[in-house]
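Colleague: requesting a structural model of the entry that follows:
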Amino acid sequence: MAWLAMAWAGCLPPGHGWPLPGKKLVFVTNNSRKSRRQYSKKFRSLGLEVTEEENFTSSFAAAMYLKLNNFSPEKKVYVVGEDGILEELKLAGFECFGGPEDGKKNIKLEADFYFEHDKCVGAVIVGLDQYFNYYKMQYARICISENPGCLFIATNRDPTGHMTSAQEWPGAGTMVAAVSSSVQKEPIVVGKPSGFLMDFLLKSFNLETSRMCMVGDRLDTDILFGQNTGCKTLLVLSVQSSVQTMLPQSQVKTSGPKHTCGSFNKCGESVKANRWVCDRAVDLLRDDPQMDPKGLQDELKKYSVDVPYHRVFRGKMRALDIIYGKWEDCSNPVAPTRRRKRLAWTKEEEAVLREAMAKFAPQNDAPNPWIQILEYGHHVFHKTRLPCDLRVKWRNLMMKEPAGY
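Modeller: Numbering: from 1, shown residues only. Got it, this is the predicted structure:
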């Protein structure tokens, strides 16, 4: 789920409220680390009232798959995953074990070592697991291989995911692939893009797919999920997806979404996530005008949202415009004038720029990471410097010193 997008409850245009009038919204996620109860709690922290029944997680889907297929209550479930799966299984009335606790267990591969396991395990569920280890992989493998009729269920097969705002991390698909390879068997997938979750959703709300639109930021899960079940689809181009990078152009034409939008903060009547950051940055910057984007990013974590650095940077620029006036109107925001003045570079600033360029020199003709360079020298660069200022200054320095630096 794109949690920053959820923060637009406080940024909706006039006349719009939450929930949107006449519309039924449900939230579907492949992330099995949390239960529906935990997701509802997180929504409330963002000011949104979303009930457990409006949350459909892959952890819940795994529990419902067992229930709808009359899984024997005398059998146990072994979980390679986290608390979200364990909680949903217990709520559905199943006995389960594993999870984070088994992440603390180790084994020694010694001669004649025999790995004991519970022969009452009738299903193994594999999901996203930051505590994944060799012990869990062996327990799952031996249950699936040696317990007659043992089910092998995967919450999803996402290869990667944005577990943090800074970078991608291995997704549940990597854990599923490890177990699948060891047992030479394909799992039953219950999360997106599998149709099981959609079938359950349609029965729960008595809906028709022809009147539904699946909104998401991944072609390989969200959009494919909607297409497989006959929904209209809307691809949101965000930090982690773009039509050009997610699939080759030839595949986009056949597998692409029905609609796209530039990013989740440009839908409708200019509902902007940057505005949410800006509104909160104004007060913080008035108290501490020297606060850098990293400091702002840390302050915003109290809202239970990991805001990407580039989003914080843009929000800070908007906030500075509100506090001091538009950059176009002045070069010194403390004493604005109607005509922009040049702000001379100091020797210290030039030295740090050279140092940063040497440190972050891109490879293979890639563009220079000006935002990263600005953050690197934030303690020296004037607070009004922008990435474009660094680019122009570097160009001018290179023109003076064509032989290098």
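Colleague: give me the low-pLDDT residue ranges for the stretch 51-200 of the chain?
Modeller: Along the stretch 51-200 of the chain, no part satisfies pLDDT under 70.
Colleague: quick one: the strands in it?
Modeller: 55-57, 76-80, 95-98, 121-126, 151-154, 160-161, 169-170, 188-189 (DSSP state E, counting those that start in this stretch).
Colleague: wait, what's in contact with residue 202?
Modeller: 208, 209 (C-beta atoms under 8 Å, 6 or more residues apart in numbering). Glycine gets a C-beta too; all of them are placed from N, C-alpha and C.
Colleague: so how far is residue 92 from it?
Modeller: Counting by C-beta to C-beta, to the nearest Å, the separation of residue 202 from residue 92 is 20 Å.
Colleague: hmm, residue 225 is touching residue 193, no?
Modeller: Yes - contact criterion C-beta atoms under 8 Å: residue 225 and residue 193 qualify, at 4.0 Å.
Colleague: about what we covered before: would you list the strands of the stretch 51-200 of the chain in CSV and tack on mean neighbour count and distance to residue 236?
Modeller: Putting those into CSV (neighbours: other C-beta atoms under 10 Å; distance: least, C-beta to C-beta, whole Å) gives the following:
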stretch, mean neighbour count, distance to residue 236
strand 55-57, 25, 18
strand 76-80, 26, 30
strand 95-98, 20, 35
strand 121-126, 27, 28
strand 151-154, 23, 25
strand 160-161, 16, 16
strand 169-170, 15, 20
strand 188-189, 20, 23
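Colleague: will you turn those strands into TSV that also has distance to residue 28?
Modeller: Formatted as TSV, the strands of the stretch 51-200 of the chain follow (distance: least, C-beta to C-beta, whole Å):
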stretch	distance to residue 28
strand 55-57	5
strand 76-80	21
strand 95-98	23
strand 121-126	18
strand 151-154	16
strand 160-161	15
strand 169-170	20
strand 188-189	14
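Colleague: quick check: domain ranges of the chain?
Modeller: Domain segmentation of the chain under automatic domain parsing yields 57-189, 273-324, 347-400.
Colleague: just tell me which of these ends up closest to residue 42.
Modeller: Closest to residue 42 of these is domain 273-324 (C-beta to C-beta; 5.9 Å).
Colleague: what about the closest one, distance to the chain center?
Modeller: 20 Å (C-alpha atoms, centre = their mean, to the nearest Å).
Colleague: same thing with stretch 58-67?
Modeller: Using C-alpha atoms, centre = their mean, the offset of stretch 58-67 from its chain centre is 22 Å.
Colleague: for stretch 299-316, how far is the first residue from the last?
Modeller: Stretch 299-316 stretches 12 Å from its first residue to its last (C-alpha to C-alpha, to the nearest Å).
Colleague: should've said stretch 297-311
Modeller: For stretch 297-311, the end-to-end distance is 9 Å (C-alpha to C-alpha).
Colleague: quick one: stretch 165-182 to chain centroid distance?
Modeller: With C-alpha atoms, centre = their mean, you get 15 Å for stretch 165-182.
Colleague: list the buried ones in that stretch?
Modeller: 165, 170, 171, 172, 173, 174, 175, 176, 177, 178, 179, 180 (16 or more other C-beta atoms under 10 Å).
Colleague: and if you look at stretch 125-139?
Modeller: 125-129, 131-133, 135-139.
Colleague: which ones are touching the closest residue to residue 95 other than its chain neighbours?
Modeller: Leaving aside its chain neighbours, residue 95 sits nearest to residue 76 (4.9 Å; criterion: C-beta to C-beta, 6 or more residues apart in numbering). By C-beta under 8 Å, 6+ apart, the contact set of residue 76 is 94, 95, 96, 97, 118, 120, 121, 122.
Colleague: pretty sure the third one sits against residue 75.
Modeller: No - the pair residue 96 and residue 75 fails to qualify as a contact (C-beta under 8 Å) at a distance of 10.3 Å.
Colleague: hang on, residue 299 in a helix?
Modeller: Yes - per DSSP: H, G, I helix; E, B strand; the rest coil, residue 299 lies within a helix segment.
Colleague: in which helix or strand does the closest residue to it other than its chain neighbours reside?
Modeller: Computed as C-beta to C-beta, 6+ apart, the closest residue to residue 299 that is not its neighbour in sequence is residue 284, at 5.7 Å. Here residue 284, judged by DSSP states H and E, is contained in helix 273-287.
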